[in-house]
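K.L.:
sequence plus the predicted model coming up.
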Amino acid sequence: MELEELSKKVKNNLIQTIYIGGGTPSLVDPILINELIKKIKSKFKLPPAAEITMEVNPASINEEKIIRLKRAGINRLSVGIQSFNDDHLSFLGRKSNSINSKKTLALIDYYFDNYSADLIFALPDQTLKEFENDLKTMLEFSPPHISLYNLEIHENTPFYQKYNSGELKLPAEELDADMYELALKNLTAAGYQHYEISNFSQPGYRAHHNYIYWLYQPYLALGPGASGFDGDCRYQNLKDLEQYIKYYNPKGLSFKEFNELQQKNSIIYLEKDKNNKIREIDCLSKKEKMAEYSFLALRTEKGLFYHKFYKKFDQKFRSIYKDEIKELKENKLIIEENERIHLTNRGKEVANEVFLKFLLE
């Protein structure tokens with residue numbers, strides 16, 4: 001049902017990529033993944049060589065499932081390694097261990113030409129040497145794409161409660177910066193292109209789907225908890241699975257009944273529970289869109305081009321953010337050249353501080 005709705009909102013019915021992620025989709029039977037991809041292709045036009053990515057967890061994947069996912073139509077995997085240190089994996093609540101993570105990477109590398117692997121750094125009690133070992137182990141596999149994230153503490157989580165109570169202490173900012181600089185040095189020396197703050201790729205293996213976000217292009221959201229953007233409004237489906245199902249299937253039909261009615265294009269199939277709110281919608285002001293566009297562009301290697309900003313908003317970037325540009329240049333956080341601005345290495349280390357400058361009041 002939601003797929004039907006989405007297919008009517010896209011110009012020329014053309015989409016560029018598919019990304020199956022959030023949660024642990026590798027728990028799902030590949031047969032269902034194949035059915036989902038076929039269903040999407042029946043409703044949208046998709047280029048033959050389009051990137052179709054799925055997130056996988058080392059604890060919920062094996063050789064058989066890797067093979068079946070490839071046969072199901074997945075052509076790129078994103079594997080959440082996070083660390084090769086068992087103590088850190090335990091802290092993160094991962095059910096995998098370093099041995100299994102290495103085995104999983106080796107299998108993915110054997111069956112997939114295109115895949116991404118991620119690491120988390122700046123973990124509690126993590127040393128620079130431990131992170132260096134993680135990088136070294138990762139580079140032994142030479143994945144086409146690597147993502148690096150420092151640990152984020154979100155509200156209403158066990159981590160947040162421990163952090164607030166003082167039980168959880170994160171590394172000093174200096175150590176966090178040292179880890180990031182070490183990653184830049186080692187990964188670029190190994191031939192990786194640092195094309196976005198958190199992302200590194202071998203030539204020809206940039207993440208096409210993620211690049212859509214950074215270029216501020218619209219993207220569709222399908223399923224509970226999924227987030228989308230139409231160019232003006234951001235929206236997020238509610239995470240509650242029961243509420244989601246109730247909205248699209250208020251009569252409580254079985255999957256078989258639902259499928260049969262869909263094939264017949266029955267009016268019952270088209271009914272929805274209008275009293276059940278399915279998503280939150282946040283429509284952005286022009287100032288909010290200009291701010292989002294600015295810091296998303298600055299996440300990329302090329303940065304923000306003044307002419308592109310003007311073309312999109314009919315406003316001169318240097319006029320709107322004159323003081324911000326001056327301050328950031330003086331603090332050596334951005335470089336202004338060739339009618340664009342981009343982050344310095346120091347700017348990348350404190351990127352969130354830079355981005356805050358563009359949030360106009």
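P.N.:
Received the coordinates, thanks. As the structure is a prediction and not an experimental result, all values here were calculated from the model.

K.L.:
and residue 210, how far is that from residue 279?
P.N.:
The gap separating residue 210 from residue 279 is 22 Å, by Cβ to Cβ, to the nearest Å. Heads up, the C-betas are built off the backbone N, CA and C, glycines and all.

K.L.:
low-confidence ranges in this structure?
P.N.:
156, 258, 262-276, 360-361 (pLDDT under 70).

K.L.:
centre-most residue in it?
P.N.:
Nearest to the mean C-alpha position of the chain, counting by Cα atoms, centre = their mean, stands residue 210 at 6.0 Å.

K.L.:
that residue against residue 196, yeah?
P.N.:
Yes. Judged on Cβ atoms under 8 Å, residue 210 makes contact with residue 196 at a distance of 7.5 Å.

K.L.:
ok, and the closest non-adjacent residue to the residue nearest to the centre of the chain?
P.N.:
Distances taken as Cβ to Cβ, 6 or more residues apart in numbering put residue 199 closest to residue 210, at 7.0 Å, once the chain neighbours are dropped.

K.L.:
give me the beta-bridge partners of that neighbour?
P.N.:
Here residue 199 sits in beta bridges with residue 147, residue 196, going by DSSP bridges.

K.L.:
wait, it sits on residue 143?
P.N.:
No. If you go by Cβ under 8 Å, residue 199 and residue 143 don't touch, sitting 11.9 Å apart.

K.L.:
what are the buried residues along the longest helix anywhere in the chain?
P.N.:
In the chain, with assignment by DSSP state H, the single longest helix is helix 173-189. Neighbour-count burial for helix 173-189, counted by 16 or more other Cβ atoms under 10 Å, picks out 175, 176, 177, 178, 179, 180, 182, 183, 184, 186, 187.

K.L.:
I'd like to know how many residues surround residue 322.
P.N.:
Using other Cβ atoms under 10 Å, residue 322 is surrounded by 11 other residues.

K.L.:
show me what contacts it?
P.N.:
Contacts for residue 322 (Cβ atoms under 8 Å, 6 or more residues apart in numbering) come out as none.

K.L.:
so what's the residue count around the residue lying closest to residue 223 once chain neighbours are set aside?
P.N.:
The spatially closest residue to residue 223, leaving aside those adjacent along the chain, is residue 237, at 6.6 Å (Cβ to Cβ, 6+ apart). When neighbours are counted by other Cβ under 10 Å, residue 237 registers 20.

K.L.:
ditto for residue 297
P.N.:
Neighbours of residue 297 under the rule other Cβ under 10 Å: 22.

K.L.:
helix or strand: which one has it?
P.N.:
Per DSSP states H and E, residue 297 falls inside helix 286-298.

K.L.:
ok, now residue 307?
P.N.:
Using DSSP H and E, the element containing residue 307 is helix 306-313.

K.L.:
tell me what angle that helix forms with helix 286-298.
P.N.:
Angle, helix 306-313 to helix 286-298, by axes from the mean of the first three to the mean of the last three Cα atoms, to 10 degrees: 150 degrees.

K.L.:
list the buried residues in helix 306-313.
P.N.:
The neighbour-count check on helix 306-313 (16+ other Cβ under 10 Å) flags 308, 309, 313 as buried.

K.L.:
which other helices and strands contact that helix?
P.N.:
Packed against helix 306-313 by the contact rule (3 or more Cβ pairs under 8 Å, 6 or more residues apart in numbering; DSSP states H and E) you find helix 286-298, helix 317-320.

K.L.:
which other residues reach that helix?
P.N.:
So helix 306-313 is contacted by 216, 286, 289-290, 293-294, 297, 315-318, 339-340 (Cβ under 8 Å, 6+ apart).

K.L.:
count the neighbours of residue 117 for me.
P.N.:
For residue 117, the count of nearby residues is 23 (other Cβ under 10 Å).

K.L.:
so what's the closest residue to it other than its chain neighbours up against?
P.N.:
The shortest distance from residue 117 to any non-neighbouring residue, by Cβ to Cβ, 6+ apart, is to residue 143 (4.5 Å). By Cβ under 8 Å, 6+ apart, residue 143 lies in contact with 105, 109, 115, 116, 117.

K.L.:
again, only this time at 10 Å
P.N.:
77, 79, 81, 105, 108-109, 112, 114-118, 192, 200-202, 205 (Cβ atoms under 10 Å, 6 or more residues apart in numbering).

K.L.:
and residue 193, by the same measure?
P.N.:
145, 187, 199, 200, 201, 202, 203, 204, 205, 206, 301.

K.L.:
among those residues, name the ones in strands.
P.N.:
145, 199, 200, 201 (DSSP state E).

K.L.:
dump these into TSV; add neighbour count and distance to residue 125 as well.
P.N.:
Output for those, formatted as TSV (neighbours: other Cβ atoms under 10 Å; distance: Cβ to Cβ, whole Å):
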residue	neighbour count	distance to residue 125
145	22	28
199	24	26
200	25	25
201	22	30
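
K.L.:
which of those residues sits closest to residue 354?
P.N.:
residue 199 (17.4 Å; Cβ to Cβ).

K.L.:
start to end distance for stretch 72-79?
P.N.:
17 Å (Cα to Cα, to the nearest Å).

K.L.:
pull the distance from that stretch to the chain's centre.
P.N.:
15 Å (Cα atoms, centre = their mean, to the nearest Å).

K.L.:
residue 110 contacts residue 77, correct?
P.N.:
No. The pair residue 110 / residue 77 is not scored as a contact, 11.9 Å apart, by Cβ atoms under 10 Å.
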